[in-house]
Each structure stands twice: as C-alpha cells, then as structure tokens.
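> Build me a model:
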Amino acid sequence: MKAAICTKYGSPEVITIQEVSKPISAKHQILVKVMATAVNSGDVRTRSLDAKGILKFLMRIVLGWSKPRKSILGTVFSGVVESIGSHVTKFKAGDKVFGMTGFQFGTHAEYIVVNEKSHTLPIPINAGFEEAAAIIFGGQTAIYYLHKAKINQKQQPKMMILGATGSVGVAAVQIAQYYKAKVTAVCSSEGKELIKDLAADSILLYDKVDIAQCTEKFDIVFDAIGKYHKKQYKRLLNENGAHISVSSGYASESLEQLQLLKKLFELGHLKAVIDKTFSLDQIREAHGYVDTGHKKGNVVIKFN
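Numbering: from 1, shown residues only. Below you'll find the model as predicted:
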C-alpha cells in the first residue's frame with residue numbers, strides 16, 4: 001500500500017510516498033481502507049519538531065530522537081472496514097467509520113488497523129468521508145478545552161475565542177454555541193466572512209483593532225492557536241473567569257468526545273470547514289500549506 005513516510009524531522013520535503021506492507025488485523029482489530037484524513041497542526045509540529053528548549057527535548061523522548069518513531073503521521077481518519085479480526089463484534093466488513101489515533105498516528109496511509117475498542121465509531125449518517133475526517137482534530141481539541149473550562153456547567157457564558165478561523169477555532173465557535181455561549185470571535189479581516197457564516201455573536205478583527213484594549217468582560221477566553229500571552233487577556237475576564245489555551249498541554253482523546261462530534265454533526269450543530277483538499281501524492285503541499293499558518297478550518301487528504 002502507499003503511505004506518506006516522515007523520514008526525519010524537517011521541512012515538508014522530508015515526507016516521501018513509499019510502498020509499505022499492508023497491515024493485517026489481529027483478532028481484536030479491524031482493517032480500515034482509509035478514504036480521507038487530514039493534515040493538522042499536530043502533524044506539522046511533529047514533522048518539524050516545532051518546539052523550544054526543554055519541550056523539544058521532551059518531544060524527542062516521546063516521538064523519537066532523530067526522526068518520528070511512528071514514521072506514518074496522521075491522527076484522524078474516515079474510511080470503510082475491509083476486514084475484521086476473529087474476535088471483533090462491534091464492526092463488520094463494509095461499515096463506514098471514522099476515528100482518531102492520537103500518538104499512535106498512522107492515518108496518512110491507504111490502510112490502517114485499529115482496535116475495535118479504540119476511538120472509532122460509525123461516521124455521522126449525514127457526513128461524507130471528507131467531512132467526517134475534517135471535524136475530528138479541531139472538534140476533539142475544542143471539546144477537551146471547553147470542558148476543561150467547564151462551559152457545560154455555565155449558564156449562557158460569554159466567551160472570547162482567539163484564533164477563531166483555525167481548525168480548533170471554527171469547531172470551538174460552533175460547539176460553544178451548542179452550549180448556549182455568547183461568542184465573540186477574534187480573527188483577521190480575511191476570516192470575517194467565514195466567522196459570519198458560523199454565526200458568531202460578534203467579531204473582532206485583530207488587524208483593525210487592539211483586542212487587548214477591549215472593554216467587554218468574558219467568562220471564558222480561549223486561545224485556540226496558542227499564540228497569545230495570558231497576561232494580555234487576563235483583564236478581560238470576569239471574576240472567576242477562565243483563560244484556556246491549546247499551548248497549555250496535550251488535549252487527550254476520548255470516545256465520548258468522538259460521540260459528541262458525531263451527535264453534533266448529525267443534529268446540524270457542527271459543520272465541517274474544509275479549506276483545501278489534496279491527494280496523498282500531494283501531501284508535501286498540504287504540509288507546506290498548513291505551515292503557512294493561514295489555513296482556514298481544515299486541510300483534508302482524499303484517497304482515490
């Protein structure tokens with residue numbers, strides 16, 4: 001099968017398309033023919049070992065010292081179950097599924113095997129493969145941090161989302177509204193129409209106004225890209241308000257997060273925002289585009 005192999009840490013050119021052995025499912029695993037995946041900020045950060053100081057040292061320990069230990073990157077997938085192990089009861093051949101692999105990676109390939117009890121579910125009934133793959137990374141990350149801020153325990157909280165047009169941001173805008181939050185989205189002028197389409201309550205354009213001088217107070221300020229300093233925005237918080245940032249740690253995955261994403265998509269509370277779609281052979285271009293930091297929503301890899 002074809003797979004995108006990360007040969008070492010570096011620029012997108014370290015990714016090469018190679019023929020590798022097709023995986024075989026063990027007795028509790030399913031073999032999935034991948035139909036779509038995504039290149040997200042986690043993939044490019046792993047490929048480029050984008051970290052400083054002690055964090056870079058820790059990343060080498062976790063991911064591999066001179067190159068990624070898991071050479072096939074990619075953490076999200078949608079596809080069709082091609083075969084199942086002898087002890088699998090949850091899925092059958094032909095099922096359409098989507099899921100996330102976390103630090104196991106491996107989704108930038110034509111096939112993947114996953115345990116039937118892993119973070120894998122039937123795709124939303126109204127989703128195509130590309131949409132199903134697109135909602136996972138940003139949605140899962142947004143749910144993790146919004147729940148960390150206890151948005152589901154607050155009554156109509158006022159919320160500011162910094163970096164609202166990225167993969168995490170577009171999901172956070174929609175999921176926060178599901179929890180009845182009043183959302184102020186912060187983005188550039190280029191992202192204004194996208195955020196209007198997502199029906200945020202108000203929009204602040206950081207290339208037009210100084211966001212830090214905003215006089216409004218919020219119950220939650222969420223930095224969805226990890227580029228803003230907490231000190232600048234602490235004054236925007238109400239008493240007992242929460243500041244959360246994707247830079248604060250790893251957003252661990254759970255099956256409950258995937259179940260919520262499936263539910264929200266099927267009910268129309270969440271839609272997939274896809275900026276560009278590439279083929280597996282174009283995955284270097286996909287990495288390069290994500291590297292620019294200018295993508296809106298998600299970059300999807302579609303398989304033939």
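> Which residues are in contact with the residue lying closest to Gly85 once chain neighbours are set aside?
Spatial nearest neighbour of Gly85, excluding adjacent residues (Cβ to Cβ, 6 or more residues apart in numbering): Lys27 at 4.1 Å. In short, each C-beta sits where N, CA and C put it, glycine included. Residues near Lys27 by Cβ atoms under 8 Å, 6 or more residues apart in numbering: Gly85, Ser86, His87, Val88.
> Would you mind listing which of these are buried?
Burial by neighbour count, 16 or more other Cβ atoms under 10 Å: within the contacts of Lys27 this picks out Gly85, Val88.
> And the furthest pair within the contacts of Lys27?
Between any two of the contacts of Lys27, the greatest separation by Cβ to Cβ is 7.4 Å, found for Ser86 and Val88.
> can you give me the strands for the stretch 51-200 of the chain?
Counting by DSSP state E, counting those that start in this stretch, the stretch 51-200 of the chain has strands at residues 76-84, 96-100, 111-115, 120-122, 158-162, 182-187.
> Of these, which is nearest Phe222?
strand 158-162 (5.1 Å).
> Check the burial of Lys230 by counting its neighbours.
The local packing of Lys230 (other Cβ atoms under 10 Å) involves 14 other residues.
> residues contacting it?
His243, Ser245.
> where does it fall, phi/psi-wise?
Backbone torsions of Lys230, given as degrees, to the nearest 10, read phi -60, psi -40.
> average pLDDT across stretch 124-135?
Stretch 124-135 carries an average pLDDT of 98.
> what's the spacing between Phe137 and Thr89?
Counting by Cβ to Cβ, to the nearest Å, the gap between Phe137 and Thr89 amounts to 28 Å.
> neighbour count winner among these two?
Neighbour count, other Cβ under 10 Å: between Phe137 and Thr89, Phe137 has more, with 25 against 8.
> Which residue, other than its chain neighbours, is closest to the more buried one?
Distance criterion Cβ to Cβ, 6+ apart; nearest residue to Phe137, sequence neighbours excluded, is Asn40 at 4.4 Å.
> Can you tell me the number of residues neighbouring the one you found?
Summarising burial for Asn40: neighbours were counted as other Cβ under 10 Å, giving 24.
> didn't it look like it was pressed against Ile135?
No - look at Asn40 against Ile135 with Cβ atoms under 8 Å: they stay out of range, at 11.7 Å.
> Alpha carbons only: can I get stretch 194-202 in PDB?
Output in PDB follows, covering the C-alpha atoms of stretch 194-202 (Å, rounded to 0.1, in the frame of the first residue of the first chain):
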ATOM      1  CA  LEU A 194     -16.100  32.500   7.400                       C
ATOM      2  CA  ILE A 195     -16.900  33.600  11.000                       C
ATOM      3  CA  LYS A 196     -20.100  35.300   9.900                       C
ATOM      4  CA  ASP A 197     -21.100  32.100   8.200                       C
ATOM      5  CA  LEU A 198     -20.600  30.300  11.500                       C
ATOM      6  CA  ALA A 199     -23.000  32.800  13.100                       C
ATOM      7  CA  ALA A 200     -20.700  34.000  16.000                       C
ATOM      8  CA  ASP A 201     -22.500  36.700  18.000                       C
ATOM      9  CA  SER A 202     -19.800  39.300  17.400                       C
END
